[in-house]
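Chemist: I would like the atomic coordinates for the input below:
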Amino acid sequence: MKKVLGNILIITIIIWTGAALTASAQNDSLPPIPLYENATSKNAPSPDNRNVVSVASDNATIFADNELRKFYNLYAAGKYHEALSLSKKMSTEHFGKFEHQVHQKYSIAAYKEMEYNEEADSVAKIFLKKNPFYTPNPYDPVSFREVLSNYYTMPRFSVWVSLANPFVYTQIDTVNVITIDTMQRKPDYDYNAFSVQLGFEYHIFKFLSIAVAPTFSFYNYTRSIQRHKFATYYYSEKYAVVSLPLRVEAGMYKENLFFAPSIYVGIQPKYVIKSRYQSYEDILGQLVEKPDYKSNTEVKNRFNYAIFGGARLSFNHTKRFTYFAEATFSMDMLPINDPSKKYSTYDALFRDLYINDVYRVKEISIMAGVKVNLQYSTEAKNGYGYYHK
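Modeler: This next block holds a predicted model:
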């Protein structure tokens, strides 16, 4: 009896062992279940099918929108086609800035994973237009970072304000010498000036921009000439000019370029707003009584124009703000005083025997200012990119 029970136990053990081995062999022979149903990238994210999904970041943010959460879950599961189908049906009008970014980032990544490069690039351009200062971080999808690495943003429209210190040089055409000017035939001009400028710039091409820059300039000069050993004649004048420089600028603009040099040329219409003068003779040993300033605006060429050119060096502190310094050379095409009205300053003519000189001015202006970039465009690096609808 004991021998029979032993044989039954041995047979039972053999049967259970064979069944276990058979089950194990059948399980190993099944085809593997794909982890990502539609994955095409080795860098695809880990699946996350929780009811509430948090985006990995320094401060985890919970998606409050159910559709956005479902969209992210489909992307995380590698179901890119389903994710994009849902994306097209989603209403994003109620999204905040962060949710809009998430929606666009993962749409770009899904298009890229499915090798829809044209669509990925198109959405990337829209993303950068809305977020020109966005810098990808390590938590963003790898495919999204790959697409953005092919583009950069540059300012399309800018406004600047600047101050300038012009150094003025006179180019004398005619000096009306009188008989008492025995010691000196050519007068000396001593100019002081400053200007304020407000500029509006538009980039028509990648390296070319046009700008208009209304400018207010204020001049104060003294003309002096030694008439004889003990007497010097002084003619002082203060005048203000409003001008409208129109310029074309060519420069180097590249992403993260710390210093961006540029050159420019242009034409500058001018209009004399107001002018006043003072005329007197200083005789050694005598007390000088300086007369009051009088208007002589009408003797000026009130409408004038200059041609100019220069160079600017921009310091891109941030993408929004740019600081710059520039040097400009300009030359007036018409004389300051109207030759046909050279006898119109009657008191200077009859009291001091002075007749207005005919001269033009040249200026070298050193300017510094700050530019605010208000609108940005997306540019492809090295000619990269597909046709964008």
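Chemist: Please count neighbours and contacts with C-alpha atoms only from this point.
Modeler: OK.
Chemist: For the closest residue to residue 319 other than its chain neighbours, grab the count of nearby residues.
Modeler: In space, not counting the residues next to it along the chain, residue 319 is nearest to residue 133; the distance is 6.8 Å by Cα to Cα, 6 or more residues apart in numbering. Around residue 133 there are 15 other residues, counting by other Cα atoms under 10 Å.
Chemist: Is residue 133 in a helix, a strand, or coil?
Modeler: Three-state assignment for residue 133 (DSSP: H, G, I helix; E, B strand; the rest coil): coil.
Chemist: Does it touch residue 373 like I think?
Modeler: No. Counting by Cα atoms under 8 Å, residue 133 stays clear of residue 373, with 11.5 Å between them.
Chemist: Touching both of the two, which residues are there?
Modeler: Contact criterion Cα atoms under 8 Å, 6 or more residues apart in numbering; residues shared by residue 133 and residue 373: residue 319.
Chemist: From residue 142, how far out is residue 82?
Modeler: As judged by Cα to Cα, to the nearest Å, residue 82 and residue 142 stand 20 Å apart.
Chemist: average model confidence for the one helix or strand residue 277 maps to?
Modeler: Assessed by DSSP states H and E, residue 277 sits inside strand 259-283. Across strand 259-283, the average pLDDT comes to 93.
Chemist: what's the helix or strand just after it in contact with?
Modeler: Using DSSP H and E, the helix or strand that follows strand 259-283 in sequence is strand 294-295. Residues from elsewhere that reach strand 294-295, judged by Cα under 8 Å, 6+ apart: 274-278.
Chemist: Now that we have those residues, can you turn them into JSON lines and tack on distance to residue 72 and neighbour count?
Modeler: Formatted as JSON lines, these follow (distance: Cα to Cα, whole Å; neighbours: other Cα atoms under 10 Å):
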{"residue": "274", "distance to residue 72": "67", "neighbour count": "17"}
{"residue": "275", "distance to residue 72": "70", "neighbour count": "22"}
{"residue": "276", "distance to residue 72": "73", "neighbour count": "16"}
{"residue": "277", "distance to residue 72": "76", "neighbour count": "21"}
{"residue": "278", "distance to residue 72": "78", "neighbour count": "19"}
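Chemist: with these in mind, which one is nearest to residue 315?
Modeler: residue 274 (36.3 Å; Cα to Cα).
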